[in-house]
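*Asks:* Sequence and predicted structure below; questions after.
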Amino acid sequence: MDLKYSKASPVLTDPAPMDKSRLGIRGLLPCAQSGPSFSTSVLAIPRKKPGKLDDVRSNGWLDAMKSSSPPRKKIVKDVDVEVVSDDGDITYHSWMSKYPSALNYFGQIMDGARNRRIVIFLDYDGTLSPIVDDPDRAFMSADMRSAVRNVAKYFPTAIISGRSRDKVYELVGLTELYYAGSHGMDIMFPDRRIEPTNHSGCIKSTDLLGKEVNLFQPASEFLPMIDEVFRTLVENTKDITGAKVENHKFCTSVHYRNVDEKIWPVIAQRVHDILNNYPRLRLTHGRKVLEVRPVIDWDKGKAVEFLLESLGFSNSPDVLPIYIGDDRTDEDAFKVLRSESRGYGIIVSAVPKESNAFFSLKDTSEVKEFLEALVKMKEQDDL
């Protein structure tokens, strides 16, 4: 979902290609960190004169917040657990007829992978780690880390997360993977002779082990703006109990998971009022999080295509990409893989939701089981 800007009220609309001249940016090429200078005169939005709450109600923000935030029934060790009623069970089983279990259909998926190179793409939160109240404590288990490490031994594996690339690397801690942070706006990929076409200007860098790699950052000129918005959001939500603002480098997020639902209109209105000052930024929704991103034609789907191309697998019939994710932002990747049956999207969800995925997994434990099945299949084939 893109944010279509109007001075009166930002609204959510279907994505549409952006005119680069309208944005005033030089294509999608990374540029020096200095970038243009942005005024900090709007650092604090006065709370005494907020916009009308009708603004966020009429333009659909609150509806989107609620629809992306299914009610939580109980908490076990700070982890959200979705409890489905008998009627919900019936609905879920009906939903699974449309999005069958990737475990139950594992054989069929592997039939589609016959004589093809599997490439694995993974979201982090809600896929490799459970959704928790404190995003700083979204740790993956040792067993999950082992499963991901073993998958990466046999298949090129990348993590594409809304978190900053450095943060998701810190949480995962595996050097065998490729990492794309900020919803694919900060991609690290191997230093090879292959440079993706139409995306010149990749930056040479080194990883934590000192190995030379490439970086692609299509929104680098937005860094000063994102940092300014982050500080503004922190200042203007600090009095809202439970609100948490994170800076993911090329985007910033406002978590309302721990905010009383009665206060959601307030937090939505404050974000709304701040974004009125930034026509080059847009709003998207995740699971109980509002995310502010640059208005560029780039998302997780574009990141998947970029990584496939940079690894030398672009449009190859000998490659089968598999993407596993649980969030709305993963739908862009599912859509890319669904087009022309290029690969398989697998949605992780314990509740019915519309998706561009082909298959489903119920939770992180089933994700681990699926990854382990991939490893077992490969090891048996190599015997």
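*Replies:* Nice, thanks for sending it over. Numbers count the residues shown, from 1 in each chain.
*Asks:* Confirm for me that Arg338 is in contact with Ser355.
*Replies:* No: counting by CB atoms under 8 Å, Ser355 is not a contact partner of Arg338; they are 9.7 Å apart. Every residue, glycine included, has its C-beta placed from N, CA and C.
*Asks:* out of the two, which sits in the busier spot?
*Replies:* Per other CB atoms under 10 Å, whichever of Arg338 and Ser355 has more neighbours is Ser355, with 23 against 17.
*Asks:* Name the secondary structure element that contains the more buried one.
*Replies:* Using DSSP states H and E, Ser355 sits within no helix or strand.
*Asks:* Now the common contact residues for Arg338 and Ser355.
*Replies:* Gly345 (CB atoms under 8 Å, 6 or more residues apart in numbering).
*Asks:* Going along the chain, name the helices of the stretch 251-383 of the chain.
*Replies:* Taking DSSP state H, counting those that start in this stretch as the criterion, the stretch 251-383 of the chain carries its helices at 264-275, 300-310, 331-338, 364-381.
*Asks:* Keeping just the C-alphas, turn the third one into PDB.
*Replies:* Once side chains and other backbone atoms are set aside, the C-alpha atoms of helix 331-338 remain, and they are given as PDB (Å, rounded to 0.1, in the frame of the first residue of the first chain):
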ATOM      1  CA  GLU A 331       2.700  -9.400   0.000                       C
ATOM      2  CA  ASP A 332       4.800  -7.500  -2.500                       C
ATOM      3  CA  ALA A 333       7.300 -10.400  -2.600                       C
ATOM      4  CA  PHE A 334       4.500 -13.000  -2.900                       C
ATOM      5  CA  LYS A 335       3.000 -11.100  -5.800                       C
ATOM      6  CA  VAL A 336       6.400 -11.100  -7.700                       C
ATOM      7  CA  LEU A 337       6.700 -14.900  -7.200                       C
ATOM      8  CA  ARG A 338       3.100 -15.500  -8.200                       C
END
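*Asks:* Make 54 the starting number, not 1.
*Replies:* Yes, from this point I'll number from 54; that puts the last item at helix 384-391.
*Asks:* who does that helix touch, helix- and strand-wise?
*Replies:* Secondary-structure packing of helix 384-391 (3 or more CB pairs under 8 Å, 6 or more residues apart in numbering; DSSP states H and E): helix 353-363, strand 372-378, strand 397-401.
*Asks:* Tell me how far the first one lies from the chain's centre.
*Replies:* Read that as helix 353-363. Its chain's average C-alpha position is 13 Å from that of helix 353-363, according to CA atoms, centre = their mean, to the nearest Å.
*Asks:* centroid residue for this protein?
*Replies:* Gly215 (4.0 Å; CA atoms, centre = their mean).
*Asks:* can you tell me which residues contact that residue?
*Replies:* 178, 234-236, 301, 304, 306, 339, 344, 380, 382.
*Asks:* try Leu414
*Replies:* Contacts for Leu414 (CB under 8 Å, 6+ apart) come out as 154-156, 377, 399-401, 420, 423.
*Asks:* Can you lay out these as TSV showing neighbour count, distance to Met193 and pLDDT?
*Replies:* Below are the contacts of Leu414 laid out as TSV (neighbours: other CB atoms under 10 Å; distance: CB to CB, whole Å; pLDDT from 0 to 100):
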residue	neighbour count	distance to Met193	pLDDT
Ser154	15	22	97
Ala155	27	19	98
Leu156	17	19	98
Ile377	27	13	98
Ile399	30	17	98
Ile400	25	19	98
Val401	24	13	97
Val420	27	10	98
Phe423	22	15	98
